[in-house]
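Colleague: Coordinates for the following, if possible.
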Amino acid sequence: MSTSGEYSHSVTGTEIIEDALLKCGAKQEGEDIPPEQITSGLRQLNNLVKFIASKQTRNLWRRDEVMVFLNSQQPKYLLGPASTDAEWCLESQFTSTQLNGAASEDDTSLTLDSTAGMRAGDRFGLEMDDLTRDWMSVTSIDSATTVTVPALTGDAADNATVYTYTTKTSEVIKVETLVDGALGAGATTIVTDSTTGMSTGDRFSYVATDDTTVFSKITTVDDGTDLTVPTTAKAIADDARLIVFKTTVNQNAIITALSSSVSANDETIPVDSTAGSTAGDVISVVLTDASTQWMAIEQVVSSTILAIPPGIGASSDDAVVTIYTIKPPRPLRVLHARRRSDPDGEDIEIDIESQELYRDQPLKTTSGTPVFLTYKPTLVSGTLEIWQPPNSVQMFIGLTVERPFEDFDAAGDSPDFPQEWFDPLVYIMAERLEPEYRVLDPIRLQMLSKKATEMWDWVNDFDDDTGSVYFIADFEGSRGYGS
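Modeller: From the prediction side, this is the model:
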């Protein structure tokens, strides 16, 4: 016998609910579940996930390493996805370099030591002569050493530090093929050389016989060569290039489209919907030449209009638009903290202390060397407070944080948990649902509750940090960390 060689087993929210209903006796094998029961089950499943997130677990897979970029003499920072929150990112997203030659106010082209690791749309923080850091979004990467950015608001010296972090929580992937046979305007089926990699709902573009670029959306992928599409607006030549744009979404991305064409250097763009977008979010637009341009939203003007910086290229009606938040969600807890004086400096551990100890400090804005911090997961964005605030914008703080779990927004969503948690989620969910149906007798209910508890204990111990344990005297009493 041979094994599969696969390790990709997954389940959906619906499957967890169905299995849980089987365990608590509320469903029979093969029985269909009414839609309203699935809706209720998803609500309970989301409540369960949020409850688990509140538990002081030991699971390493819930921990993220993040970096918070500090401002001189600023003691308080909001950690969350809002555009007004602190500049912070996952450690893996961070790169640093230096300015190679001084820059002046209103400059848009900067020479750096290196642009390695940077992409258009990334956040870009430049150390200014006034000892602040000016943050903006990269307009374009022009070479191995030059970038284009929005006009600088001040001067920056040679060798000024540059901090960047990637904002790409989604990527636009192109799948190209050729049209097999000329088509006139009004067609609803396009025959191609191959539909491999294409899916229903993907947006695509083609160059019409009048040399204009037309965008549309795939209605269905019929087979290995045929696509059903909305009625074509213009004629298509045989062997015309057809490009399908697949957007892979990792977090917080919103997919929409232009509602009419855009001309080069327009400063507002019309989209099908701006729902969920805010000023400061990063936006990508597929242009008529099939390239993708990234920029930051300056203002959400209305439910269908976005204001953007000048410099956009021409694009057509129905072109793919991706909008996304560039920062992680608020941490639930801070588990470890360290400071670094500059990108090449050493990590120095700093303490995590109580709110009471921070409040007892007499001068909270006097700059110095950060020695401790305190954190509370306030709603939407968490609040990080540092004592003492730094006197240099080159300094930043590294944190090990516990992140929240992603929601089940749809019945087909997979859990934001490792595979080892799939069965425990079913049993814990079954115990949670049983009071809604009251099918089990007391003995079977007791057995289910015991099994759910055992499952929780087993899986929670599985992914533990197995380092050494150290005991030290508590010289601070009730005022110390952990009180």
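Colleague: For the host helix or strand of T95, name the packing helices and strands.
Modeller: Here T95 sits within strand 94-98, counting by DSSP states H and E. In this structure, strand 94-98 makes packing contacts with strand 161-165, judged by 3 or more Cβ pairs under 8 Å, 6 or more residues apart in numbering; DSSP states H and E. From N, CA and C alone the C-beta is placed, and that goes for glycine too.
Colleague: which parts of the strand it packs on are buried?
Modeller: T161, V162, Y163, T164, Y165 (16 or more other Cβ atoms under 10 Å).
Colleague: cool, stretch 79-99 as well?
Modeller: Under the neighbour-count criterion of 16+ other Cβ under 10 Å, stretch 79-99 has 79-82, 85-90, 93-97, 99 buried.
Colleague: And stretch 292-299, by the same measure?
Modeller: T292, Q293, W294, M295, A296, I297.
Colleague: hey, what's T146 bridged with?
Modeller: Bridge pairing for T146 (DSSP bridges) gives the partners T111.
Colleague: Can you check the pLDDT for it?
Modeller: Looking at T146, its pLDDT stands at 96.
Colleague: That one contacts D113, doesn't it?
Modeller: No - in this structure T146 lies outside contact range of D113 using Cβ atoms under 8 Å: 11.1 Å.
Colleague: Can you pull the domain assignment for this protein?
Modeller: 13-59+406-461, 84-165, 174-245, 253-324, 330-402 (the TED database).
Colleague: How far does the second one sit from its chain's centre?
Modeller: Here the centre of domain 84-165 is set off from its chain's centre by 22 Å, with Cα atoms, centre = their mean, to the nearest Å.
Colleague: returning to that earlier point: quick one: which of the domains of the chain has the weakest pLDDT on average?
Modeller: Looking at the domains of the chain, the bottom one is domain 253-324 with a mean of 83.
Colleague: if we can go back for a sec, from the buried residues of strand 161-165, which two are the most distant?
Modeller: Based on Cβ to Cβ, the longest span within those runs between T161 and Y165 and measures 13.6 Å.
Colleague: Make sure M295 is indeed in a strand.
Modeller: Yes - counting by DSSP: H, G, I helix; E, B strand; the rest coil, M295 falls inside a strand.
Colleague: now do the same end-to-end measure for stretch 30-38.
Modeller: 15 Å (Cα to Cα, to the nearest Å).
Colleague: What lies in contact with it?
Modeller: T14, I17, E18, L21, K27, G41, A411 (Cβ atoms under 8 Å, 6 or more residues apart in numbering).
Colleague: which residues touch K376?
Modeller: Counting by Cβ under 8 Å, 6+ apart, K376 has contacts Q355, G382, T383.
Colleague: ok, of the residues you listed, which come out buried?
Modeller: Applying 16+ other Cβ under 10 Å to the contacts of K376 flags G382, T383 as buried.
Colleague: and the contacts of K376, which of them are in helices?
Modeller: Among the contacts of K376, DSSP state H puts Q355 in helices.
Colleague: Same list (the contacts of K376) but as JSON lines, adding distance to V175.
Modeller: Below are those laid out as JSON lines (distance: Cβ to Cβ, whole Å):
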{"residue": "Q355", "distance to V175": "52"}
{"residue": "G382", "distance to V175": "40"}
{"residue": "T383", "distance to V175": "44"}
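Colleague: Settle this for me: E436 is touching G25, isn't it.
Modeller: No - taking contacts as Cβ under 8 Å, E436 lies outside contact range of G25: 11.5 Å.
Colleague: Those two: which is more packed in?
Modeller: G25 (18 against 14; other Cβ atoms under 10 Å).
Colleague: And the buried residues of stretch 79-99, which is closest to P331?
Modeller: L79 (6.0 Å).
Colleague: Would you mind confirming that that closest one makes contact with G382?
Modeller: Yes - between L79 and G382 there is a contact at 4.5 Å, judged by Cβ under 8 Å.
Colleague: Which of the helices or strands spans the closest residue to M128 other than its chain neighbours?
Modeller: Among residues not flanking M128 along the chain, G154 sits closest, at 4.8 Å (Cβ to Cβ, 6 or more residues apart in numbering). Assigned by DSSP H and E, G154 falls within no helix or strand.
Colleague: ok, G154 to S367 distance?
Modeller: 20 Å (Cβ to Cβ, to the nearest Å).
Colleague: Likewise for G121?
Modeller: From G121 over to S367 (counting by Cβ to Cβ), the distance is 33 Å.
Colleague: In terms of neighbours, single out the busier of the two.
Modeller: Neighbour count, other Cβ under 10 Å: between G121 and S367, G121 has more, with 24 against 15.
Colleague: Can you report how many residues neighbour Q394?
Modeller: Counted with other Cβ under 10 Å, Q394 comes out at 20.
Colleague: Please apply the same query to A235.
Modeller: For A235, the count of nearby residues is 15 (other Cβ under 10 Å).
Colleague: I'd say it and A208 touch.
Modeller: Yes - with contact defined as Cβ under 8 Å, A235 reaches A208; the gap is 6.1 Å.
Colleague: which residues does G224 contact?
Modeller: The contact partners of G224, by Cβ under 8 Å, 6+ apart, come to S194, T195, T196.
Colleague: same check, this time on V321
Modeller: V321 neighbours (Cβ under 8 Å, 6+ apart): I255, T256, A257, L258, I269, V271, I283, S284, V285, V286.
Colleague: Any idea what it is bridged to?
Modeller: Under the criterion used (DSSP bridges), V321 bridges to T256, V285.
Colleague: need the buried residues of strand 161-165 in CSV with distance to L332, can you?
Modeller: Below are the buried residues of strand 161-165 laid out as CSV (distance: Cβ to Cβ, whole Å):
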residue, distance to L332
T161, 31
V162, 31
Y163, 26
T164, 27
Y165, 21
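Colleague: just checking, D423 is part of a helix?
Modeller: Yes - judged by three-state DSSP, D423 forms part of a helix.
Colleague: If we ignore the residues flanking it in sequence, what's nearest it?
Modeller: Per Cβ to Cβ, 6+ apart, closest to D423 is M455, 6.5 Å.
Colleague: what's that neighbour in contact with, if anything?
Modeller: D423, P424, Y427, I428.
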